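Enquirer: Predicted structure and sequence below. I'll ask about it afterward.
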Amino acid sequence: MRLPTFLPALPSSESLPGASASIILLDPQTGQVLAALGDLHQGVQSATLESHSAGTIITPFIYLTGFSRGLNPASLSWDIPGTTPVAGQVYHGPVRLRTAMANDYLPPAINLLKQMGQESVQSIAAPLGCISRRLEIFAGGFQCFAAQPGGGIWHPGE
């Protein structure tokens, strides 16, 4: 069975120096690992699945923490440069949390993380098993995302 392709492949003439990723495919009904692919280092696949900085994959848990503490999707935040502005980055000024989350604007998520505290975000996400103490997504912890297509229920593998 061939899976449909939704995104075009990166042209072979382009490269992403320093980029790395791993993937784990889970059956949302059983939690069974269907496939796992480690990082590519200089064109060679690693035999292990390494920890990665959480990056934007953690933002749903940051917003969920805010929502559980009284904020709502209509709450305002600022999409403005922080202490280390990114060259070429477009900032949008005041934005609703729903807009910031839907468009993956990082400054509002960073501000919300500072406001809520790392411990609070971890306490919301940890029961799903997906975040370490340093807010990293780790290879064995992607079961939290298996709960989404499983109707919000996590089925740990037997």
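Expert: Received the coordinates, thanks. Numbers count the residues shown, from 1 in each chain.

Enquirer: gap between Tyr63 and Pro11?
Expert: Noted for Tyr63: a distance of 33 Å to Pro11, by Cβ to Cβ, to the nearest Å. C-beta coordinates here come from the backbone N, C-alpha and C atoms, glycine included.

Enquirer: same thing with Pro94?
Expert: Pro94 is 37 Å from Pro11, by Cβ to Cβ.

Enquirer: Which one's more surrounded, those two?
Expert: Taking other Cβ atoms under 10 Å, Pro94 and Pro11 do not tie; Pro94 has more neighbours (11 against 7).

Enquirer: SS state for that one?
Expert: What DSSP: H, G, I helix; E, B strand; the rest coil gives for Pro94 is strand.

Enquirer: What are the contacting residues of stretch 91-103?
Expert: Stretch 91-103 is contacted from outside by 59-60, 63, 66, 71-81, 105, 107-109, 112, using Cβ atoms under 8 Å, 6 or more residues apart in numbering.

Enquirer: how far does it stretch from start to finish?
Expert: One end of stretch 91-103 to the other measures 12 Å (Cα to Cα, to the nearest Å).

Enquirer: What residues sit buried inside that stretch?
Expert: Val95, Leu97, Thr99, Ala100, Met101 (16 or more other Cβ atoms under 10 Å).

Enquirer: Quick one: the helices in the protein, in order.
Expert: Remark: helices assigned in the chain by DSSP state H are 59-68, 97-102, 106-116, 118-125, 143-146.

Enquirer: May I see these organised as a markdown table, with distance to Ile24 and mean pLDDT added?
Expert: Listed next are the helices of the chain as a markdown table, based on distance: least, Cβ to Cβ, whole Å; pLDDT from 0 to 100:
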| stretch | distance to Ile24 | mean pLDDT |
| --- | --- | --- |
| helix 59-68 | 17 | 91 |
| helix 97-102 | 24 | 93 |
| helix 106-116 | 23 | 90 |
| helix 118-125 | 17 | 84 |
| helix 143-146 | 9 | 55 |
